[in-house]
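In: structure here, sequence nowhere to be found:
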């Protein structure tokens, strides 16, 4: 209804509003959309045309669909999803894909000097980053309890004034709600007795980051969004030169990880199992990627020193439950 106001169709009944909007030209709709978006730039909800959930072609929202898949694995309408093998995961700092957008709103000057660009105050974190993350995740305007819950969960209360911790939490928010939580929900829904499911966390720094990461957060495991792509293809120049890198920028450890990744990815494509036919232990001793199941929820942490201890269980477990279960429940209660 807010959009209708900008289109000149406000103050009418639902029927008359619909008729009014149908009579608008494409130019009128575009102008109204631009005005609506400019009115509240922090709120990213409903800013684009989204699918209509008609129960036929687009059945329902993705999270609801995944929940139904997990509870009724034998349902024939999910056959296509369950008939394919699945490898799914994210990089350790995948949430830096949201960083540029959030910091642009904060700084209002796009990419300025890096020291200024990454200077996020506690007030900006609370008033810009948290509302934007909540709105994207919930797909609606977040209520106060939802905002407070995110603030509590992603504030280092022992060091509330520490910029480094704040920036790490900023990236963690994006990684958790945008990648980890939906990835785990997808893996849970996919797990079945007929096909294989494998989950990973990629945690090896690239020779050059695809998207910026705050300098104080860089480490040997600081892999950001799309930073695993170079490893998957063996560092071709096409993925190095555009980012100011060359083959000489690739360390021996990174090349070793790349060989393991190429083996695992190609093994999976051939046999549905990333462990065979090429023996991973010829690259890293005692390396074994366990399959994902609903009991252990195993995953592989891909680092430069992989081995027997590289397998973990329940990736980002606290964050997954927070974003998939607790936050939606708080939002529902907050709207009552």
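Out: Great, that's in hand. Source: prediction; values computed, not measured.
In: show me the beta-bridge partners of the closest residue to residue 302 other than its chain neighbours.
Out: In this structure, residue 302 finds its nearest non-sequential neighbour in residue 202, 4.8 Å apart by CB to CB, 6 or more residues apart in numbering. Just so you know, the C-beta spots here come from the backbone N, C-alpha and C atoms, and that holds for glycine as well. Beta-bridge partners for residue 202, by DSSP bridges, are residue 91, residue 302.
In: got a list of what residue 185 touches?
Out: By CB atoms under 8 Å, 6 or more residues apart in numbering, the contact list for residue 185 reads 63, 66, 67, 320, 324.
In: how close does it get to residue 268?
Out: According to CB to CB, to the nearest Å, residue 185 stands 21 Å off from residue 268.
In: equivalent analysis for residue 157, please.
Out: Distance, residue 157 to residue 268, by CB to CB: 42 Å.
In: now residue 177
Out: As for residue 177, its distance to residue 268 is 27 Å (criterion: CB to CB).
In: summarise which helices and strands the biggest helix by length in the chain is packed against.
Out: In the chain, with assignment by DSSP state H, the single longest helix is helix 252-271. In terms of contacts (3 or more CB pairs under 8 Å, 6 or more residues apart in numbering; DSSP states H and E), helix 252-271 is packed against helix 229-232, strand 298-302.
In: mind listing what's buried along the helix or strand just after the longest one?
Out: This means strand 298-302. Where DSSP states H and E defines the elements, the next helix or strand beyond strand 298-302 is strand 311-313. Neighbour-count burial for strand 311-313, counted by 16 or more other CB atoms under 10 Å, picks out 311, 312.
In: report all helices and strands that strand 311-313 contacts.
Out: By 3+ CB pairs under 8 Å, 6+ apart, strand 311-313 packs against strand 298-302.
In: give me the angle between the strand it packs on and helix 252-271.
Out: Strand 298-302 runs at 140 degrees relative to helix 252-271, counting by axes from the mean of the first three to the mean of the last three CA atoms, to 10 degrees.
In: contacting residues around strand 298-302?
Out: The contact list for strand 298-302, computed with CB under 8 Å, 6+ apart, reads 89, 198-204, 228, 257, 260-261, 289-292, 306, 310-313, 315.
In: go on, stretch 324-336?
Out: 63, 134, 137-138, 140, 142-146, 149-150, 181, 184-185.
In: equivalent analysis for stretch 215-227, please.
Out: With contacts defined as CB under 8 Å, 6+ apart, stretch 215-227 is touched by 91-97, 114, 118, 163-164, 167-168, 171, 202-206, 209-213, 253, 303-304.
In: buried subset of those as a ChimeraX selection?
Out: Typed into ChimeraX, the next command selects the buried ones out of the contacts of stretch 215-227 (criterion: 16+ other CB under 10 Å):
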select :91,92,93,94,95,96,97,118,163,167,168,171,202,203,204,205,206,209,210,213,303,304
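In: from the contacts of stretch 215-227, which land in strands?
Out: Members of the contacts of stretch 215-227 lying in strands (criterion: DSSP state E): 91, 202.
In: following the lowest-mean-pLDDT helix or strand in the chain, which helix or strand comes up?
Out: In the chain, the helix or strand scored least confidently by mean pLDDT, DSSP states H and E is helix 114-117, which has a mean of 53. Remark: after helix 114-117, the chain's next helix or strand is helix 122-124, criterion DSSP H and E.
In: off-centre distance for the next helix or strand after that next one?
Out: Under the assignment DSSP H and E, the closest C-terminal helix or strand after helix 122-124 is helix 130-138. Its chain's C-alpha centre and that of helix 130-138 lie 12 Å apart, by CA atoms, centre = their mean, to the nearest Å.
In: which residues touch residue 274?
Out: Per CB under 8 Å, 6+ apart, neighbours of residue 274: 87, 198, 263, 264, 265, 267, 268, 280, 289.
In: could you report the pLDDT at the second one?
Out: At residue 198, the predicted lDDT confidence score is 98.
In: for it, helix, strand, or coil?
Out: Classification of residue 198 using DSSP: H, G, I helix; E, B strand; the rest coil returns strand.
In: what's around it, how many residues?
Out: Residue 198 has 23 neighbours, counted by other CB atoms under 10 Å.
In: hmm, it is touching residue 289, no?
Out: Yes: Residue 198 lies in contact with residue 289 (CB atoms under 8 Å); the separation is 6.3 Å.
In: where in the protein is pLDDT low?
Out: Flagging of the chain using pLDDT under 70 yields the residue ranges 1, 38-52, 70, 72-77, 108-117.
In: thinking again about what came up before, return the members of the contacts of residue 274 classed as buried.
Out: Buried subset of the contacts of residue 274 (neighbour count, 16+ other CB under 10 Å): 87, 198, 263, 264, 265, 267, 268, 280, 289.
In: as CSV, the residues you listed with distance to residue 105 would be great.
Out: Putting the buried ones among the contacts of residue 274 into CSV (distance: CB to CB, whole Å) gives the following:
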residue, distance to residue 105
87, 34
198, 37
263, 42
264, 38
265, 36
267, 43
268, 39
280, 43
289, 39
